[in-house]
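S.K.: Here's a sequence, model it:
(chains A and B)
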Amino acid sequence: MVSDILKVRVGELAARVNGEVEESLGELELTVDDRYSIVTLTEAKNFADVPCDFLHDLCGMDLEDHLEVVYQLSSLRGPQRLRIRARVERDNPVIDSATHIWKGADFLEREAFDMFGIQFRGHPNLKRIYMWDDFEGYPLRKDYVIESHEQRAVMRVRKEGE
Amino acid sequence: MTIEGTQEYAINMGPQHPSTHGVFRMVVHLDGEVVTGVEPKIGYLHRGLEKMAESRTYTQFIPYTDRLDYLAGPHNSLGYVQAVEKMMGIELPERAEYLRVIFAELGRIASHLVMIASGSLDICGWTPWSYCFRDRERILDLFEMTAGNRMTPNYFRIGGVSHDVPDEFMPALKSFLDDMPEMLEEYQGIFFGNEIVQSRMKSVGILPKELAENLLITGANLRASGVQYDVRKAEPYSIYDRFDFNVPVLYGCDTYDRHFIRLLEIQESSKILRQALKDIPDGPVMAKVPKVIKPPAGKVYHRVENPKGEMGWYIVSNGTTKPARVRIRTGAFVNVQMLSAIIAGWKIQDLVTIFASMDLVLGEVDK
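M.R.: So this is what the prediction gives:
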């Protein structure tokens, strides 16, 4: 269940960053634009009384017309939970990196980059993590076609002399 | 710092290396035999489970979840089926809840036993390894007699468990639990009390509390760094709030404590198992669920305490029989980052023990 004090804090924050608050299945959700993501995360981390200071998860999400970065915040010292969704453009998905707030966001952001092609501005080492470096395409996007290896031709063609 | 006459160089360790516990590769930067940095390279076991989930129905995806952390299969499925049940609002019969907890905790004990065993094997201790595997075998036998499968039982269903346990299950579980104190004493004596183990592991690979929180480390590794946090207590799922157990916490932050906390957790798990065995009621093991699993459109984030760290399931439904997105946050994947953060300054032999203390399983790292 969502505590009243957290609801008040999220409501105040939503007014400042022009976000929408939703509640479903006992979880509070705040949707913001990509340019407000870092402000929102920093403020949520420093909420008075109910700090959401632990980034539990960060993942990408494809909603056909735009992409999204979903942050699941929690705390090691309280029951507060908050989900922040940051909208990103589909054609030019760029968002600020959260690695300055949590070092551990490093791998999670690399995964989102690998799977959705979301660029994290300010990330120390933004490279593919699961797929090989010259892999083309972003597998978890909805328009990525799952075909056989031969049809998709994702295997790297050997150059002369290799 | 380069001492005269040496030079920094990088060597490749893995993916086929006995001490990397799977297909894990790291590029180790060395100055003499002192490690200056490690770059983990993962993805050799990447099967694209998140993408697969989108083309399968909710029920069809359950067997895949067992293959995430294949050393503790049941707990992965527990997170997934509970997330789907949360969306659909399914209430479970009592007996099914108890059977789930029994299987999940047996999986946790099996996983921790493998961790202690392989940790000892990495420093050439063959005997503790055989002791741990001897006892783990009994847990696998319990899985086998119920589900026919030893490591990935695929026993949980949306709305309960697939069938009741056979008659010989409960007596076998009881005798296993009765032998448990003696087993723990053996591990204590042969592994944790061993002089070589202590000199190789104590004060090695310190992970301070602040760094652990900043790196988003979860699970037993976090608890060995002095943070008493366990999802089973903080946000009880299933029926964990009914059992009386403690969350062990150690303050040494070193490799030894990260191993030792597993032993303490086995003790707590066996406490839960004993209570579950005493209280388990008779009755049905499957709730009334619709023939076609079709959760209403919406999203849910459900977290469970896996043996390797916290696992989070973010499931987005669009109201059809197939999920729009299944996101799996695995503990081991995030915990990998600990290695490059704390390794600088330790020697190659410490790299092996520090790696063992992280308790990675590549099925969970690579998904």
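
S.K.: From here on, just use CA atoms for contacts and neighbour counts.
M.R.: OK.

S.K.: Name the helix or strand for residue 29, please.
M.R.: Assuming you mean chain A. strand A:27-33 (DSSP states H and E).

S.K.: ah, no, chain B please
M.R.: Using DSSP H and E, residue B:29 falls in strand B:25-31.

S.K.: relative orientation of the helix or strand following that strand and strand B:25-31 in degrees?
M.R.: The helix or strand immediately downstream of strand B:25-31 is strand B:34-41, counting by DSSP H and E. Angle, strand B:34-41 to strand B:25-31, by axes from the mean of the first three to the mean of the last three C-alpha atoms, to 10 degrees: 160 degrees.

S.K.: Can whatever helix or strand comes next after strand B:34-41 be said to contact chain A?
M.R.: Following strand B:34-41 in sequence order, the next helix or strand is helix B:49-54 (DSSP H and E). Yes: using C-alpha under 8 Å from any C-alpha of the partner chain, we find that helix B:49-54 touches chain A at B:50-51.

S.K.: would you put the C-alpha positions of helix B:49-54 in CSV?
M.R.: What follows is helix B:49-54, C-alpha atoms only, in CSV (Å, rounded to 0.1, in the frame of the first residue of the first chain):
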residue,chain,number,x,y,z
LEU,B,49,14.7,-14.7,-22.6
GLU,B,50,13.0,-11.3,-22.5
LYS,B,51,12.4,-11.4,-26.2
MET,B,52,11.3,-15.0,-26.1
ALA,B,53,8.7,-14.1,-23.5
GLU,B,54,7.0,-11.7,-25.9
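
S.K.: for it, packing partners?
M.R.: With contacts taken as 3 or more C-alpha pairs under 8 Å, 6 or more residues apart in numbering or on different chains; DSSP states H and E, helix B:49-54 sits against strand B:325-329.

S.K.: So which residues on chain A come close to chain B?
M.R.: A:24-25, A:27, A:54-57, A:59, A:61, A:76-79, A:102-105, A:107-108, A:129-131, A:139-140.

S.K.: Any of these buried? List them.
M.R.: Those of the residues of chain A next to chain B that meet the buried threshold are A:27, A:54-57, A:59, A:61, A:76, A:102-105, A:107-108, A:129-131, A:139-140, by 16 or more other C-alpha atoms under 10 Å in any protein chain shown.

S.K.: Now do the strand holding residue B:29: which elements does it pack against?
M.R.: For strand B:25-31, the packing partners by 3+ C-alpha pairs under 8 Å, 6+ apart are strand B:8-13, strand B:34-41.

S.K.: what pLDDT, on average, does whatever helix or strand comes next after the shortest one get?
M.R.: Following the chain from strand B:8-13 toward its C-terminal end, the next helix or strand by DSSP H and E is strand B:16-17. Averaged across strand B:16-17, the pLDDT comes to 82.

S.K.: and the very next helix or strand once past strand B:16-17, what does it pack onto?
M.R.: Proceeding C-terminally, strand B:16-17 gives way to strand B:22-23 as the next helix or strand, assigned by DSSP H and E. Applying 3+ C-alpha pairs under 8 Å, 6+ apart, one finds that strand B:22-23 contacts strand B:16-17.

S.K.: Let's verify the most centrally placed residue in chain A: helix, strand, or coil?
M.R.: Nearest to the geometric centre of chain A sits residue A:69, at 2.8 Å (C-alpha atoms, centre = their mean). Per DSSP: H, G, I helix; E, B strand; the rest coil, the local secondary structure of residue A:69 is strand.

S.K.: got the contact list for it?
M.R.: A:58-61, A:85-88 (C-alpha atoms under 8 Å, 6 or more residues apart in numbering or on different chains).

S.K.: Just grab the bridge partners of it for me.
M.R.: Per DSSP bridges, the residues bridged to residue A:69 are residue A:60, residue A:86.

S.K.: which residues of the chain score low on pLDDT?
M.R.: Chain wasn't specified; assuming chain A. A:1-2, A:147-157, A:162 (pLDDT under 70).

S.K.: That was the other one, I meant chain B.
M.R.: Residues of chain B meeting the criterion pLDDT under 70: B:1-5.

S.K.: Would you mind listing what in it touches chain A?
M.R.: So far as C-alpha under 8 Å from any C-alpha goes, chain B lies against chain A at B:41-44, B:46, B:50-51, B:86-87, B:213-217, B:229, B:234-235, B:298-300, B:312, B:325, B:327, B:329, B:333-334, B:337, B:366.

S.K.: Pull out the buried members of those.
M.R.: B:41-44, B:50-51, B:86-87, B:213-217, B:229, B:299-300, B:312, B:325, B:327, B:329, B:333-334, B:337, B:366.
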